[in-house]
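**Student:** Pasting the sequence and the predicted coordinates here, then a few questions.
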Amino acid sequence: MIEIIICDDEIKDLQDISKIVCEVCLNEVIDYNLKTYSSGEEMLDQTYSMDIGILDISMSELNGIDLGRELKKRFPEVKLIYITSYEKYCQQVINKVHAFSFLTKLSLIHISEPTRRS
């Protein structure tokens with residue numbers, strides 16, 4: 001089973017990303033466990049294992065870059081996927097945290113559009 005955790009302080013984005021992840025896992029027949037958090041601190045306090053972390057970069061308390069650093073210390077094999085509304089963060093994330101992938105929130109809207117039409 002793949003442990004997937006999503007952290008975004010914008011509840012609407014958190015719900016949209018969760019829906020996309022669930023649909024992909026169901027379509028690809030992936031056995032997964034999904035947990036969502038709206039705070040990096042809460043996520044750190046309640047996470048004991050994870051395979052994939054999907055993190056917003058710009059969060060009000062603990063930003064996604066610092067959260068990713070801490071997650072890499074705790075779970076060195078974790079794959080981190082960053083999401084943001086600000087493309088300018090892309091290079092910073094890749095250099096500082098060695099992100100597995102990076103998506104803008106605008107690209108997520110395009111990914112979910114066929115789903116929304118259903």
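**Tutor:** Nice, thanks for sending it over.
**Student:** any idea how far residue 40 is from residue 63?
**Tutor:** According to Cβ to Cβ, to the nearest Å, residue 40 stands 7 Å off from residue 63. Glycine gets a C-beta too; all of them are placed from N, C-alpha and C.
**Student:** More neighbours: which of those two?
**Tutor:** It is residue 40, of residue 40 and residue 63, that has more neighbours when counted by other Cβ atoms under 10 Å, with 24 against 16.
**Student:** Please tell me I have it right and that one contacts residue 60.
**Tutor:** No - when contacts are counted by Cβ atoms under 8 Å, residue 40 is not listed as touching residue 60 (9.4 Å).
**Student:** which stretches of this protein have low pLDDT?
**Tutor:** 86-118 (pLDDT under 70).
**Student:** Which parts of it are helices?
**Tutor:** Here the chain has its helices, by DSSP state H, at 11-27, 40-46, 64-74, 90-97, 105-117.
**Student:** Identify each buried residue in the third one, please.
**Tutor:** Okay, so that is helix 64-74. By neighbour count on 16 or more other Cβ atoms under 10 Å, the buried set for helix 64-74 is 64-65, 67-68, 71-72.
**Student:** Counting by contacts, list what that helix packs against.
**Tutor:** With contacts taken as 3 or more Cβ pairs under 8 Å, 6 or more residues apart in numbering; DSSP states H and E, helix 64-74 sits against helix 40-46, strand 52-56, strand 79-84, helix 90-97.
**Student:** now do 6 Å
**Tutor:** Secondary-structure packing of helix 64-74 (3 or more Cβ pairs under 6 Å, 6 or more residues apart in numbering; DSSP states H and E): strand 52-56, helix 90-97.
**Student:** could you give the angle of it to strand 79-84?
**Tutor:** 170 degrees (axes from the mean of the first three to the mean of the last three Cα atoms, to 10 degrees).
**Student:** centre of the chain versus helix 64-74, how much separation?
**Tutor:** 12 Å (Cα atoms, centre = their mean, to the nearest Å).
**Student:** One more: stretch 70-80?
**Tutor:** For stretch 70-80, the distance to the chain centre is 13 Å (Cα atoms, centre = their mean).
**Student:** Noted, bye for now.
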